[in-house]
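**Student:** No sequence on hand, only this structure:
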């Protein structure tokens, strides 16, 4: 007997049947704002930005503020939690991530621009805090992982759509070159642009194989990626 039929006979809904009763995306992102770190809108700039010289613009402030808001929320939730439980299998991964960040922070001493290197190290640790808070939250109250996949793909799709909309504008380029203006198409802190399309394709193929959504939709998103 197929798994879907077994679930129906035992009074349980299949993931596809539950899809219509999922909470709204807004409520989902409010509980798991880390998924918003996947999204990174195209950055319009009228001139090149050289971080080593301390030249910043609105987009630089926006990116740092976007990450900081989510990270400060994670810090507040961690400090106000009664207890923090992390699965033993994940602890070693988090320790390794912390160790790599610490090495990067120490290496700032030998960087041509120590201040900028320290700033990037701080952003790295803020992202790591967001990941730790997500792990703690999901371990205490496991989410619907199928819904997580859909919302992760939604964030990636929004970025791809924005990219497709700005490319026909034929600006100077799709990346920033010194001395030129243009747009920079980058993903968020969690998912850089080069992995956005593969991420959409992998999730869509998975949902296609397991019938978690209409197969026509899953196939369309796979081809789009």
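**Tutor:** Now that the structure is in, tell me what you want to look at. No experiment lies behind these values; they were computed from the predicted model shown.
**Student:** pLDDT weak spots in this structure?
**Tutor:** 1-23, 39-57, 167-193 (pLDDT under 70).
**Student:** can you give me the helices for it?
**Tutor:** 3-9, 15-18, 25-31, 58-80, 88-107, 114-140, 145-166, 193-209, 215-224 (DSSP state H).
**Student:** can I get the ones you listed in TSV with distance to residue 37?
**Tutor:** C-beta here means a position set from N, CA and C on the backbone, and glycine is covered the same way. Shown next, in TSV, are the helices of the chain (distance: least, C-beta to C-beta, whole Å):
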stretch	distance to residue 37
helix 3-9	33
helix 15-18	25
helix 25-31	11
helix 58-80	6
helix 88-107	15
helix 114-140	7
helix 145-166	9
helix 193-209	13
helix 215-224	21
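**Student:** For residue 38, which of these is the nearest?
**Tutor:** Of all the helices of the chain, it is helix 145-166 that lies closest to residue 38, at 4.3 Å by C-beta to C-beta.
**Student:** Can you work out which other helices and strands pack against that closest one?
**Tutor:** helix 25-31, helix 193-209, helix 215-224 (3 or more C-beta pairs under 8 Å, 6 or more residues apart in numbering; DSSP states H and E).
**Student:** gap between the nearest residue to residue 73 once chain neighbours are set aside and residue 120?
**Tutor:** Once flanking residues are discounted, residue 73 sits nearest to residue 33: 6.5 Å by C-beta to C-beta, 6 or more residues apart in numbering. According to C-beta to C-beta, to the nearest Å, residue 33 stands 21 Å off from residue 120.
**Student:** higher neighbour count, those two?
**Tutor:** The neighbour count for residue 33 versus residue 120, taken as other C-beta atoms under 10 Å, is higher for residue 33 (18 against 15).
**Student:** Of the helices and strands packed on helix 145-166, flag the one that's most buried.
**Tutor:** Most buried of these, by mean neighbour count (mean count of other C-beta atoms under 10 Å): helix 193-209, with a mean of 18.
**Student:** Specify the angle between it and helix 145-166 in degrees.
**Tutor:** Helix 193-209 runs at 130 degrees relative to helix 145-166, counting by axes from the mean of the first three to the mean of the last three C-alpha atoms, to 10 degrees.
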